[in-house]
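1. Sequence and predicted model, in that order:
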There are 2 protein chains.
Amino acid sequence: MVRIAREKRHTLLKKRIEENPFINDEELAEEFSVSIATIRLDRMALGIPELRIRIKQRAQASLPQHHLVQVVGELVDCIVGKSALSILTATEDMVDSAHIVQSQFLYAQANSLTRAVLNLPVCITTVGNIKYKQPVTVGDKLVAKAEVIRQRDQKYYVWVTIRKKAKEVFRAKFIMESLE
Amino acid sequence: MVRIAREKRHTLLKKRIEENPFINDEELAEEFSVSIATIRLDRMALGIPELRIRIKQRAQASLPQHHLVQVVGELVDCIVGKSALSILTATEDMVDSAHIVQSQFLYAQANSLTRAVLNLPVCITTVGNIKYKQPVTVGDKLVAKAEVIRQRDQKYYVWVTIRKKAKEVFRAKFIMESLE
DNA sequence: CTTTGAATTATGACCAAGTACTAATAGTAC
DNA sequence: GTACTATTAGTACTTGGTCATAATTCAAAG
């Protein structure tokens, strides 16, 4: 049946292009043993843009992310001065060669959430203590909770725990200082 | 003098393209009030590739970064098991609204340098203590030095100090654990 | 076995953003 | 004015496509 062959080709094609966005129609045609015209019809049908557009999109996606450093992860709840929650899903680019998420990303999630919960115009992290209790890997959904424990003068003591499901995988204590 | 005008155009052109790599020769020609041919000669002289190549390079640069030990900053010296040095120049996207570099970037520099100096196939940061002593701003050249202080079984104790010129601005202590 | 209709392939015109090269012209320096 | 460089103009060719149309293949239905 031709129908099935085409549908199969469509899904394979999609996967192939996702896998290697730098492949052109000619190479695709060869790989799938069909004509270039067919590949183009397939791309149309699948709404996949041409090579140059694909490349451009990738290039643009990697451009100046100005708001990079608001909160690492998604801020889902925040009571300023009290507590806040953020969720971060670990991705491939956070891991080391052993596929374990590097501590700096957990640190970034924890510290940026701390800044969010304090919401001070100017504040710096003067002290940080972290404990990475359980290795985290790609795909893990990390829920961070920050709590403001104490305030003394310009100093704020904040505790953060990051959980993967019910399990605590990371914890941090920060002393933040507010400046004028 | 034509010479000066051209040299000036060259430096401006270079800057313009770095600023916006998605600009084509036609637009550049208009901006500089010269012909497209001139822009092309200029690009040749400066060794700047054509638009599509530039875009492609950007796209590729953002691709599979599965490096061995990625160090935040530039690794300038490394005696595995002993000590290592890296240099990071603070950029605009590291700062908060008060233009102070956020601690997570110093943490990332320190922690990634620690991984580099240990150079273990699999290792995780179990404990980290940091102190951010002096605010750092854009353009500051940060020199990080990591030293392996002690090793006990699978545990490594590493101290890192980050200096801005002679002044220590950040320090960190890590306990790293090697896994099989 | 022929017909039908979808799927595929072929073909040609066109486009963007170039390269590579040559020839002409403008501008200045001496 | 002549020399020389910088700039501009122009042509042919390339890649990796779009878009539209026509021709062909091929399996299933009548």
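-> Thanks, I have it.
2. tell me the mean pLDDT for the top helix by length along chain A?
-> Determined from DSSP state H, the single longest helix within chain A is helix A:2-19. On average, the pLDDT along helix A:2-19 is 80.
3. what comes up buried for that helix?
-> A:Arg9, A:Leu13, A:Arg16, A:Ile17 (16 or more other CB atoms under 10 Å in any protein chain shown). All C-beta spots, glycine's among them, are computed from the backbone N, C-alpha and C.
4. Next SSE downstream of that helix?
-> Following helix A:2-19 in sequence order, the next helix or strand is helix A:25-32 (DSSP states H and E).
5. Give me the secondary structure label for A:Thr114.
-> Classification of A:Thr114 by DSSP: H, G, I helix; E, B strand; the rest coil places it in helix.
6. what's the pLDDT at the residue lying closest to it once chain neighbours are set aside?
-> Counting by CB to CB, 6 or more residues apart in numbering or on different chains, A:Thr114 lies nearest to A:Val158, which is 4.7 Å off, once chain neighbours are set aside. The per-residue pLDDT reported for A:Val158 equals 98.
7. Just to check, A:Glu177 is in contact with A:Tyr157?
-> No - under the criterion of CB atoms under 8 Å, A:Glu177 makes no contact with A:Tyr157, lying 10.7 Å away.
8. Tell me the buried residues in the helix or strand in which A:Val158 is found?
-> Assigned by DSSP H and E, A:Val158 falls within strand A:155-164. For strand A:155-164, burial by neighbour count (16+ other CB under 10 Å) applies to A:Tyr156, A:Val158, A:Trp159, A:Val160, A:Thr161, A:Ile162, A:Arg163, A:Lys164.
9. and what of stretch A:16-33?
-> Those would be A:Arg16, A:Ile17, A:Pro21, A:Asp25, A:Leu28, A:Ala29, for stretch A:16-33 by 16+ other CB under 10 Å.
10. and stretch A:110-124, how far apart are its ends?
-> 14 Å (CA to CA, to the nearest Å).
11. Give me the distance from it to the chain's centre.
-> With CA atoms, centre = their mean, to the nearest Å as the basis, stretch A:110-124 stands 20 Å off its chain's centre.
12. Rounded mean pLDDT for that stretch, please.
-> Stretch A:110-124 comes out at a mean pLDDT of 92.
13. One more: stretch A:166-180?
-> For stretch A:166-180, the mean per-residue pLDDT is 93.
14. So which residues make contact with it?
-> Residues from elsewhere that reach stretch A:166-180 (CB atoms under 8 Å, 6 or more residues apart in numbering or on different chains): A:103, A:106-107, A:110-111, A:114-115, A:118, A:120, A:122-136, A:142, A:154-163, B:98.
15. Please, where are all the helices along chain A?
-> A:2-19, A:25-32, A:36-46, A:51-61, A:103-118.
16. now for these, which one comes closest to DNA strand D?
-> In terms of CB to the nearest atom of the strand, the element of those nearest to DNA strand D is helix A:51-61, at 3.0 Å.
17. Can I have the buried ones of the contacts of stretch A:166-180 as a PyMOL selection?
-> Buried residues among those (16+ other CB under 10 Å), as a PyMOL selection:
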select buried, chain A and resi 103+106+107+110+111+114+115+118+120+123+124+125+126+127+128+129+130+131+132+133+135+136+142+156+158+159+160+161+162+163
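18. can you narrow the contacts of stretch A:166-180 to ones near DNA strand D?
-> Among the contacts of stretch A:166-180, no residue lies close to DNA strand D (CB under 7 Å from any atom of the strand).
19. ok so, going back, what lies in contact with the longest helix of chain A?
-> For helix A:2-19, the surrounding residues in contact (CB under 8 Å, 6+ apart) are A:Ile23, A:Leu28, A:Glu31, A:Phe32, A:Val34, A:Ile39, A:Asp42, A:Arg43, A:Ala45, A:Leu46, A:Ile48, A:Arg54.
20. The last one contacts A:Pro21, correct?
-> Same thing as A:Arg54. Yes - at 4.7 Å, A:Arg54 and A:Pro21 qualify as touching, with contact defined as CB under 8 Å.
21. tell me the pLDDT at A:Ile23?
-> Value for A:Ile23, per-residue pLDDT: 90.
22. Return the residues in contact with it.
-> A:Arg16, A:Ile17, A:Leu51.
23. Just send those residues back as a markdown table, with distance to A:Ala146 too.
-> Shown next, in a markdown table, are those (distance: CB to CB, whole Å):
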| residue | distance to A:Ala146 |
| --- | --- |
| A:Arg16 | 43 |
| A:Ile17 | 41 |
| A:Leu51 | 45 |
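24. which one of those residues is nearest B:Thr91?
-> A:Leu51 (31.6 Å; CB to CB).
25. How about the contacts made by the closest one?
-> Residues near A:Leu51 by CB under 8 Å, 6+ apart: A:Pro21, A:Phe22, A:Ile23, A:Asn24, A:Asp25.
26. The second one - nearest residue in space that isn't next to it in sequence?
-> Take A:Phe22 and drop its neighbours on the chain: the residue closest to it by CB to CB, 6+ apart is A:Ile55, 6.7 Å away.
27. Distance to A:Ser83 for the helices of chain A - can I get that in a markdown table?
-> What follows is those, written out as a markdown table (distance: least, CB to CB, whole Å):
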| stretch | distance to A:Ser83 |
| --- | --- |
| helix A:2-19 | 39 |
| helix A:25-32 | 52 |
| helix A:36-46 | 45 |
| helix A:51-61 | 33 |
| helix A:103-118 | 6 |
